[in-house]
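> compute the structure for the input listed below.
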Amino acid sequence: MTDKDWWSPGQITFRREHNLFLLRNFELIIDGIWPSDHKDCGYSGKKGRQRGHSASFEKVAQVTAELVTRLYRVGRDALPLLITYSQDLEQQYYIRDFLARCMKIEVTELDKRIESALKYISGKNKDRSYKEFLQHKKGGSNGS
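Numbers count the residues shown, from 1 in each chain. Got it, this is the predicted structure:
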């Protein structure tokens, strides 16, 4: 984890660390709830009413919709990505082993798929399918 492991909906740009945060908190955000930064004390430090261009839940819905769209574009490799990173760090080892056995592949192959899916959803790939992304990756782009 980085020094900063919490972001507001407006700060999300779908970089790798943002996606890891979103996947860790998927159960909350899919229900329209943004995770607390654990620094909240009930005081916002702002006076009076604040005006914005949208309601607070709208930005959460937009972030969630974009994440889900990116995951859908990945297809079946999105499932192990989501299942693995939505678990506590201690549970990820066991989950990966379980998933690899269920999928009848080696854990190293599962890890490659998870990493590829994470790279795809963390990049600017709107013009390229996940399949094209994987082919480009195999085609000698040094794995990036």
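> OK, contacts around residue 93?
Applying Cβ atoms under 8 Å, 6 or more residues apart in numbering to residue 93 gives no contacts. C-beta: built from backbone N, CA, C; applies to glycine.
> cool, the one 4 residues further on as well?
Taking Cβ under 8 Å, 6+ apart as the definition of contact, the neighbours of residue 97 are residue 107.
> buried sites along the helix or strand harbouring it?
Assigned by DSSP states H and E, residue 97 belongs to helix 89-103. Neighbour-count burial for helix 89-103, counted by 16 or more other Cβ atoms under 10 Å, picks out 95, 96, 99, 100.
> again with stretch 57-73
Those would be 59, 60, 63, 64, 67, 68, 70, 71, 73, for stretch 57-73 by 16+ other Cβ under 10 Å.
> now do that stretch, average pLDDT.
Mean per-residue pLDDT for stretch 57-73: 95.
> give me the contact list for it.
Outside stretch 57-73, the residues within contact range by Cβ under 8 Å, 6+ apart are 9-10, 12, 14, 19, 22, 26, 29-30, 32-34, 78, 81-82, 120-121, 125, 129-130.
> and if we set it to 7 Å?
9-10, 12, 14, 22, 29-30, 32, 34, 78, 82, 121, 130 (Cβ atoms under 7 Å, 6 or more residues apart in numbering).
> mind listing what residue 120 touches?
Contacts of residue 120 by Cβ under 7 Å, 6+ apart are 74, 130, 133.
> just among these, which is most surrounded?
When neighbours are counted by other Cβ atoms under 10 Å, residue 74 leads the contacts of residue 120 with 23 neighbours.
> check the secondary structure at it for me.
Secondary structure, DSSP: H, G, I helix; E, B strand; the rest coil: residue 74 is helix.
> in what helix or strand does the most centrally placed residue in the chain lie?
For the chain, residue 19 is the residue whose C-alpha lies nearest the centre (Cα atoms, centre = their mean; 2.9 Å). For residue 19, the host element (DSSP H and E) is helix 16-24.
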